[in-house]
Structure formats: structure tokens, C-alpha cells
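S.K.: Give me coordinates for this.
(one chain, ligands or ions: 1)
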Amino acid sequence: MTDTRNWKRFRILAIAAIVFVGSAAVLLAEGQQEVDPAGAENGDVVEIEMLRGEEFTFVNDPIGIYVEPGTTIRFTSVQASHTATAYHPDYGKDLRIPEAAEPWDSGSVAPGQSFEVTLEVEGVYDYYCKPHEHLGHVGRIVVGDPDASPAVDASDLPGSAPDAMPSVAAILENRVVSAD
Ligand SMILES: [Cu+2]
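M.R.: The predicted model follows:
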């Protein structure tokens with residue numbers, strides 16, 4: 001009887017140890033740990049997945065987030081190849097990120113690959129995917145105070161991008177706006 005109980009306890013401990021070592025290995029492999037965007041603070045990493053939706057649509061999830069200045073955004077492609085590109089004259093677009101911010105362009109990100117950018121300057125950042133912008137593959141990130149560099153009206157964007165772009169109000173209210 002006692003032996004059986006001890007054996008059960010040993011098995012539970014062994015399983016717990018395996019789970020713990022496994023989690024530690026995953027953390028080491030991924031480097032900095034991702035956090036829930038809703039609780040992100042300076043120095044954290046939040047992930048935005050670049051996905052293929054239904055009926056040949058492409059989406060970022062979350063499509064809108066609020067983060068504190070100094071947060072790193074990790075764009076990970078789940079299906080298909082995408083870019084995460086800041087709306088900036090360097091890429092032939094009207095400026096839709098804070099003037100003082102460094103523009104970024106991930107280049108093509110294949111499935112399973114990631115691109116990271118750390119956002120320090122406060123304001124509203126809009127970005128797009130070069131091959132899928134007109135299909136609504138865009139996103140918005142509010143860093144700190146949105147009034148520091150307010151959002152630019154999205155109605156002139158091509159295709160279904162204007163409908164896809166979440167409002168600053170929705171982002172501030174929810175901190176995380178999921179793709180539909
Ligand atoms: Cu895309």
C-alpha cells in the first residue's frame with residue numbers, strides 16, 4: 001500500500017520535473033519570453049501572428065495593440081510569406097508612423113520565421129504587408145500616448161485596408177484588438 005503511494009508520488013514528481021525542464025528549454029530556445037500584449041511593459045516582447053484567413057484573406061492577429069514605449073514587437077509568419085512594413089516615404093508610402101521613429105521593413109518573412117522591431121517613440125504606427133496590403137493585411141500599434149503622433153485617416157488606403165484598420169479608440173479601450 002505504502003509502496004504504491006510512494007510510486008504514485010514519484011511518478012507525479014518525475015512528470016513535473018520533465019515538464020519544468022521542457023519549459024525551460026523552450027524559453028532558452030526562444031530567447032526573450034513573449035508576454036500577453038494586454039500586460040506588456042517596457043522591455044517585453046509581444047507577438048503578432050501573420051496568418052492566412054478564410055477565402056484568401058490575410059490578417060495580423062492581433063491587428064491592433066497598445067504597448068508601452070520600449071516594447072519589442074515580434075512579427076511571426078504562420079502561413080504564407082508576408083512583410084511587416086511601416087508606412088513611410090522610404091517605402092513609397094505616406095507617413096503613418098511618428099516622424100521621429102525609425103521606419104522598418106521586415107522583407108519577406110516565410111512561415112515559421114519572425115522579424116522584431118522595438119518601438120521607443122510614442123504615437124500611432126500603421127504598417128502593412130507589401131504583397132497583401134490591398135487585401136486588408138495591415139495593422140496598427142499605439143505606443144504610449146497616441147496624441148504624441150496621432151493616427152492618420154485610413155480612408156485613402158487601397159482595397160480593403162481602410163475597413164481592416166482598427167480605430168485608436170478600440171485599441172485604447174481593449175489594448176488588444178483581434179482580427180475578425
Ligand atoms: Cu501578407
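S.K.: excluding its backbone neighbours, what's nearest Ala164?
M.R.: Gly136 (3.5 Å; CB to CB, 6 or more residues apart in numbering). Yep, even glycine has a C-beta here, placed from its N, CA and C like the rest.
S.K.: distance of the one you found from the ion?
M.R.: Using CB to the ion, to the nearest Å, Gly136 is found at 10 Å from the ion.
S.K.: cool, Val138 as well?
M.R.: Counting by CB to the ion, the gap from Val138 to the ion is 9 Å.
S.K.: isn't that residue right up against Ala161?
M.R.: Yes. Taking contacts as CB atoms under 8 Å, Val138 lies within contact range of Ala161: 4.8 Å.
S.K.: picking up where we left off before, what's the distance between the residue nearest to Ala164 and Glu68?
M.R.: 27 Å (CB to CB, to the nearest Å).
S.K.: Same check on Ser106?
M.R.: 22 Å.
S.K.: thinking again about what came up before, who has more neighbours, Gly136 and Glu68?
M.R.: Of the pair Gly136 and Glu68, Gly136 is the one with more neighbours under other CB atoms under 10 Å, namely 25 against 14.
S.K.: Tell me the predicted confidence for that one.
M.R.: Per-residue pLDDT puts Gly136 at 93.
S.K.: Likewise for Gly43?
M.R.: 77.
S.K.: ok, the helix or strand containing Val124: who's next to it in the sheet?
M.R.: Counting by DSSP states H and E, the element that carries Val124 is strand 123-128. The pairing partners recorded for strand 123-128 under DSSP bridges are strand 85-86 (antiparallel), strand 138-143 (antiparallel).
S.K.: Make JSON lines out of the ones you listed and add distance to Ala100 and mean neighbour count.
M.R.: Listed next are those as JSON lines, based on distance: least, CB to CB, whole Å; neighbours: other CB atoms under 10 Å:
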{"stretch": "strand 85-86", "distance to Ala100": "13", "mean neighbour count": "22"}
{"stretch": "strand 138-143", "distance to Ala100": "11", "mean neighbour count": "26"}
